[in-house]
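> please work out how this folds:
(2 chains)
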Protein chains: 2
Amino acid sequence: MEAFVHQRIHDTLKAAKKPLLVCDARIDGDSLGSALAVADWLMKEGKSPRVFVVTPVPESYRFLPHLERTTSDQSVFADVQLDAIAFFDCSRQEFAAELLKPVPGRPAIINIDHHSTNPRYGDVNQVLTDAPATAEVVHRFFKENGIVPSKEAALCLLAGIYFDTTAFSNGATCERAFLSAAELVRCGGKPKDVIRALMYNRPMSALRAWGTALERLRELPGTGWVVTHVTLADLAAHGATDDDLQEFSTFLAMMIDAPTVAVLQEAPGMVKVSMRSHGSDVSAVARRFGGGGHVKAAGCRMSGVTLEEAEECLKTEICRM
Amino acid sequence: MEAFVHQRIHDTLKAAKKPLLVCDARIDGDSLGSALAVADWLMKEGKSPRVFVVTPVPESYRFLPHLERTTSDQSVFADVQLDAIAFFDCSRQEFAAELLKPVPGRPAIINIDHHSTNPRYGDVNQVLTDAPATAEVVHRFFKENGIVPSKEAALCLLAGIYFDTTAFSNGATCERAFLSAAELVRCGGKPKDVIRALMYNRPMSALRAWGTALERLRELPGTGWVVTHVTLADLAAHGATDDDLQEFSTFLAMMIDAPTVAVLQEAPGMVKVSMRSHGSDVSAVARRFGGGGHVKAAGCRMSGVTLEEAEECLKTEICRM
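Next comes the predicted model:
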């Protein structure tokens, strides 16, 4: 079945005169790398694919090829000539449905993903939940159809695997991830290029703000959690932005000898809470405050409270569960 | 030649009645993992190998199997029955020579490594400089001799590869590293076990001290370097130790968007300087102060100076070069 679907996707895209490739709402290395690798192949087939990204590609992905094919202009969906639309790493049907509203004709909808929550909303669905990344699904698609990734495509797919396995350091790290990476390196993808772009990229101001958060690490009494906080004044003092803290809780969870961490960040009119765990379900805690996420990574926002109050609410809720 | 040497090492160890396996002076995941993987094989061959470690195995390696085979008792080298001594990841001949002094008989000396600086001091030398880790050399040794790694041996070798590639994030990350990791996972080695042990292991006190160092990041005027410092009072305030800062400069270099970093750490009567770069030769700077190291990772100690003076000396020296 997997092989049959790979072939069907191949035939559909190869027959398409005007294919559109779509990245997930939250652009990441896997979604973007997967779409660009397929764009690379289609370009070698003589086509001019567009790659739709909801927001412009972040600075840190500038090392990827074919970014000139990307667009954030939603009018691409209104093109009457569109005959194939492929979604990459887009697990939410609502996201796809919203984008597809203005589509005039009846293009083939292709859905390539690895999330178990993907409801298979496409005409053709290749959702392989044993894949460590959508990039690895695309790599299998290439192999099944005898497509040798160019070194540009290999770099894109390698970036996807690095991204989704957090550089081979999270639970998605499996034999397939290593095997795919080995083959992609053989095809000319350079780990160095991916690592440099995805890792050595934090400005001094961001790391200074991380420093403030690290200095304040403390146990949340009676919970076994380790918490810290960052104020708006901290960000201002370091010249750091909200974005600079985005990866901090993931980083903290990977470094510290503690099962669960929470980072409380002051924002205008609210406190944002980012939680990470190596076991217990933090999404259950997040949901109590109207948030959500995954078992091991979740978040929520508490409106109209101070940092102290937010921490107290969090503690009470954790103790109650 | 490589295959021939693999076979010779196999025959020598298999014929040995009393083999001794030796880890490098600075115990790390690669040296220890390599020796323990070979110990695992020898135990399955009915032997009772000892694994010599200069200092007791650090807490973070407690997840590795067969640690009961390790000893720091140098008298093992005086055993008249010793008939084979294998060194793992020990590139310095002086280290091996010193340990071999009390050896009474004439055991076969086996030297397994991947450092280009290894002077091939053994009777049999398998020094493969294209290997990302000594563990990958041992993996090839297993394959060449038809030895399927047990899941314990696979875990040991996987730990070695993770360690030497800094979790597939440094310049040693190559196709061989990924391919070997894939095969070791297939043999039952669990990335999760390695990651958890090598990564999620820093106490809160250590990370608080890292926080202080991060908060103080600054450019060293006229050099393009980013520097920071940590005082003895900082360590005391956070309840952190000298050891807690050991990996900090490596971490900093991997996170920051800067070509070269230096961490100045106050110690009794001196300032220790740890330097990391993505290109320029920091060992040249280290040598000016009587230190040493590699092109991208070096260090030195400046006696009888304050932190301010040490920073000034460093700046002057960098500007002069």
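> tell me the strands beside the lowest-mean-pLDDT helix or strand in chain A, with direction?
Taking mean pLDDT, DSSP states H and E as the measure, chain A has strand A:292-293 as its least confident helix or strand, at a mean of 80. Using DSSP bridges, the strands paired with strand A:292-293 in its sheet are strand A:297-303 (antiparallel).
> ok, which residues in the stretch 51-200 of chain A are in contact with chain B?
Taking C-beta under 8 Å from any C-beta of the partner chain as the contact definition, the stretch 51-200 of chain A meets chain B at A:162, A:167-171, A:173-175, A:178-179, A:181-182, A:185-186, A:191-192, A:195-196, A:199-200. Heads up, the C-betas are built off the backbone N, CA and C, glycines and all.
> mind doing that once more with 7 Å?
Counting by C-beta under 7 Å from any C-beta of the partner chain, the residues of the stretch 51-200 of chain A lying close to chain B are A:167-169, A:171, A:173-175, A:178-179, A:181-182, A:185-186, A:191-192, A:195, A:199-200.
> name the nearest residue to the most centrally placed residue in chain A, sequence neighbours excluded.
Centroid-nearest residue in chain A, with C-alpha atoms, centre = their mean: A:Asp28, separated by 3.9 Å. Spatial nearest neighbour of A:Asp28, excluding adjacent residues (C-beta to C-beta, 6 or more residues apart in numbering or on different chains): A:Phe163 at 5.7 Å.
> and what of A:Ser150?
A:Ser150 sits nearest to A:Asp40 (C-beta to C-beta, 6+ apart), 5.8 Å away.
> again, but for A:Glu175
Nearest to A:Glu175 is B:Val185, by C-beta to C-beta, 6+ apart, at 4.2 Å.
> gap between that neighbour and A:Leu179?
9 Å (C-beta to C-beta, to the nearest Å).
> tell me where the stretch 101-250 of chain A has strands.
Using DSSP state E, counting those that start in this stretch, the strands of the stretch 101-250 of chain A run over A:108-113, A:124-127, A:218-220, A:225-230.
> what average pLDDT does the second one get?
For strand A:124-127, the per-residue pLDDT values average out at 98.
> can you give the strand pairings for it, parallel or anti for each?
Strand A:124-127 has the following strand partners under DSSP bridges: strand A:108-113 (parallel).
> let me see the domain layout of chain A.
When chain A is parsed with automatic domain parsing, its domains come out as A:2-198, A:204-320.
> mind listing what's buried in the lengthiest helix in chain A?
Longest among the helix segments of chain A by residue count, using DSSP state H, is helix A:29-44. The neighbour-count check on helix A:29-44 (16 or more other C-beta atoms under 10 Å in any protein chain shown) flags A:29-43 as buried.
> got it, and stretch A:195-214?
A:195, A:197-200, A:202-214.
> and the residue of the stretch 1-150 of chain A closest to chain B?
Nearest residue of the stretch 1-150 of chain A to chain B (C-beta to the nearest C-beta) works out as A:Ser60 at 9.6 Å.
> okay, now that residue: neighbour count?
The local packing of A:Ser60 (other C-beta atoms under 10 Å in any protein chain shown) involves 15 other residues.
> then A:His238?
23.
> I'd guessed it sits against A:Pro203; true?
No. Here A:His238 lies out of contact with A:Pro203, judged by C-beta atoms under 7 Å, at a distance of 9.8 Å.
> give me the low-pLDDT residue ranges for the stretch 151-300 of chain A?
Scanning the stretch 151-300 of chain A for pLDDT under 70 picks out no residues.
> got the phi/psi numbers for the closest residue to A:Ala16 other than its chain neighbours?
Nearest residue to A:Ala16, sequence neighbours excluded (C-beta to C-beta, 6+ apart): A:Ala84, at 3.7 Å. The phi and psi values for A:Ala84, taken as degrees, to the nearest 10, are phi -150, psi 130.
> would you check that A:Ala84 makes contact with A:Lys17?
No. If you go by C-beta under 7 Å, A:Ala84 and A:Lys17 don't touch, sitting 8.8 Å apart.
> between these two, who's got more neighbours?
A:Ala84 (24 against 10).
> ok, what's across the strand from that one?
With DSSP bridges as the rule, A:Ala84 is bridged to A:Pro19, A:Ala108.
> residues in contact with it?
A:12-13, A:16, A:19, A:107-108, A:110 (C-beta atoms under 7 Å, 6 or more residues apart in numbering or on different chains).
> ok, 6 Å please
Remark: with contacts taken as C-beta atoms under 6 Å, 6 or more residues apart in numbering or on different chains, A:Ala84 is in contact with A:12-13, A:16, A:19, A:107-108.
> same check, this time on A:Phe52
Counting by C-beta under 6 Å, 6+ apart, the residues that A:Phe52 touches are A:22, A:76.
> and with 10 Å instead?
Applying C-beta atoms under 10 Å, 6 or more residues apart in numbering or on different chains to A:Phe52 gives the contacts A:20-23, A:35, A:69-74, A:76-77, A:85, A:87, A:99.
> give the ChimeraX command for selecting the buried subset of these.
Applying 16+ other C-beta under 10 Å to those, the buried members can be selected in ChimeraX as follows:
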select /A:20,21,22,23,35,69,70,76,77,85,87,99
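> so which of the contacts of A:Phe52 sit within strands?
Among those, the members found in strands (DSSP state E) are A:20-23, A:70-71, A:85, A:87.
> rewinding a little: shared neighbours, A:His238 and A:Pro203?
The contact sets of A:His238 and A:Pro203 overlap at A:209, A:244, B:217 (C-beta under 10 Å, 6+ apart).
> go through these and flag which are in helices.
A:Ala209.
> tell me which of the shared contacts of A:His238 and A:Pro203 is nearest to A:His6?
The shortest gap between A:His6 and any of these belongs to A:Asp244, at 40.2 Å (C-beta to C-beta).
> not counting its neighbours along the chain, what's nearest that closest one?
Here the residue nearest A:Asp244, using C-beta to C-beta, 6+ apart, is A:Ala206, at 3.5 Å.
> pretty sure A:Phe248 is one of the things that neighbour touches, is it not?
Yes. At 8.7 Å, A:Ala206 and A:Phe248 qualify as touching, with contact defined as C-beta atoms under 10 Å.
> need the contact list for the closest residue in space to A:Ile112 that isn't next to it in sequence.
Excluding the flanking residues, the one nearest A:Ile112 by C-beta to C-beta, 6+ apart is A:Gln126, at 4.9 Å. Residues near A:Gln126 by C-beta under 10 Å, 6+ apart: A:1-2, A:5-6, A:8-9, A:86, A:110-114, A:118, A:120, A:134, A:137-138, A:140-141.
> if you set the cut-off to 7 Å instead, what comes out?
A:Gln126 makes contact with A:5-6, A:9, A:112, A:137, A:141, according to C-beta under 7 Å, 6+ apart.
> which residue ranges form the helices in the stretch 201-321 of chain A?
Using DSSP state H, counting those that start in this stretch, the helices of the stretch 201-321 of chain A run over residues A:204-215, A:232-238, A:248-255, A:282-288, A:307-320.
> quick one, the longest helix of chain A and strand A:84-88 angle?
150 degrees (axes from the mean of the first three to the mean of the last three C-alpha atoms, to 10 degrees).
> could I get the buried residue list for stretch A:103-119?
Buried, per 16+ other C-beta under 10 Å, within stretch A:103-119: A:103, A:107-114, A:118.
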